[in-house]
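Generate a structure from the sequence data that follows.
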Amino acid sequence: MSDCKIRGVVPPVVVPDTPDHELDVPSFERLINYMIDAGVDGLFFLGSSGEVVFSTDERRDQVVREAVRIVDHRVPVLVGIIDTETERVIEQGKRALALGADALVATAPFYALGGPVEVEEHFRCLHEALDAPIFAYDIPVCVHTKLGWKMLAKLGAEGVLAGVKDSSGDDISFRYLCQENEKLGHPLQLLTGHEIVVDGAYLSGADGSVPGLANVEPKGYVRMWKAAEAGDWATVKAEQDKLNELSHIFDVTTGLTGYAGGVGAFKTALWLMGIFDSNTMPRPVKAMEGENVEAIRKVLQDCGLL
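Got it, this is the predicted structure:
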């Protein structure tokens, strides 16, 4: 199953919470349908934008169960099985597959930190234990380990990995990975998680994108992907430039850091657009309010989304 060819626009789905911190299923359904109707090529649940590290096992199961039900085979369902160490990741993977996941997304271990040998063996263990395509999630800012491009290419060539979701911020490494992937016959599906420079990643040879901003504006990312497929690079750049104006929802707020300012901006935008019933954040993160909400409202208005 390692020949899974997931490509195109695969947003990391933001998860709506009720004010009492339960899963807001009606809002979740509206968001999923909003993105599928816009033409996305897949959906990634329980990633960084999907509150995976805030979620109990019961909550993870609920998110995957509802996601699979709502998607109903219209697009592939990727599920993050992110956990501290290998055995826990395998356990998460088995639960996700039992609930209907089409592919799995895993980071390097991030508590008992090892070296390159241990990280490579981690992915080999996942491949042996889980009968599904596995995407390596390169996000060193969160897990404190950078996945080397040579290792990723090697694991792709051997059929251990089906793809990579790159959120490393290392454009040089990603470019090298794209080139090596071509030399090896393109065994990996390479997806960029950097929503602000997707155009550059496509030009480098990426097979798609995992843009959090596509929760708010999926149509622009779909148009950009179609233009890239057609080799229309002027349109690719123009679409990216428009999306980057919308991305200022991240920097018009004040007094917020990390998750509160990033995913908090997504949730507040979706709430203002009527897709979410509230902008509640997982504890202990506070929801945006007051001037920060109004600042995001203005960006949405300026970009024609309100």
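
my read: A201 touches G193, true?
No - with contact defined as Cβ atoms under 8 Å, A201 does not count as touching G193 (9.2 Å). The way it works is simple: take the backbone N, C-alpha and C, and place the C-beta from them, glycine included.

Which neighbours do these two have in common?
Shared contacts of A201 and G193, defined by Cβ atoms under 8 Å, 6 or more residues apart in numbering, comprise 166, 209.

Skipping adjacent residues, who's closest to L31 in space?
I275 (5.4 Å; Cβ to Cβ, 6 or more residues apart in numbering).

And the pLDDT at that neighbour?
Looking at I275, its pLDDT reads 98.

again with D3
Predicted confidence (pLDDT) for D3: 50.

So that it lines up with my notes, have the first residue be 45 from now on.
Noted, 45 is the first residue going forward, which turns the last one into D47.

State the next helix or strand along the chain beyond the host helix or strand of L148.
Counting by DSSP states H and E, the element that carries L148 is strand 147-150. Using DSSP H and E, the helix or strand that follows strand 147-150 in sequence is helix 160-173.

which other residues reach that following helix?
Residues outside helix 160-173 that contact it (Cβ under 8 Å, 6+ apart) are 46, 130, 133-134, 137-138, 148, 150, 152-153, 158, 178, 180, 189, 191-192, 195, 199, 203-205.

which helices and strands does the strand holding L148 pack with?
Using 3 or more Cβ pairs under 8 Å, 6 or more residues apart in numbering; DSSP states H and E, the elements in contact with strand 147-150 are strand 121-124, helix 130-142, helix 160-173, strand 178-182.

For E335, find the nearest of these.
Nearest of the helices and strands packed on strand 147-150 to E335, taken as Cβ to Cβ: strand 121-124 at 33.0 Å.

In the sheet, which strands lie alongside that closest one, parallel or antiparallel?
Its sheet considered, strand 121-124 pairs with strand 87-89 (parallel), strand 147-150 (parallel) by DSSP bridges.

And those: which comes nearest T324?
Nearest to T324, of all the strands paired with strand 121-124, is strand 87-89, at 18.3 Å by Cβ to Cβ.

Now the closest one: buried residues?
By neighbour count with 16 or more other Cβ atoms under 10 Å, strand 87-89 contains the buried residues 87-89.
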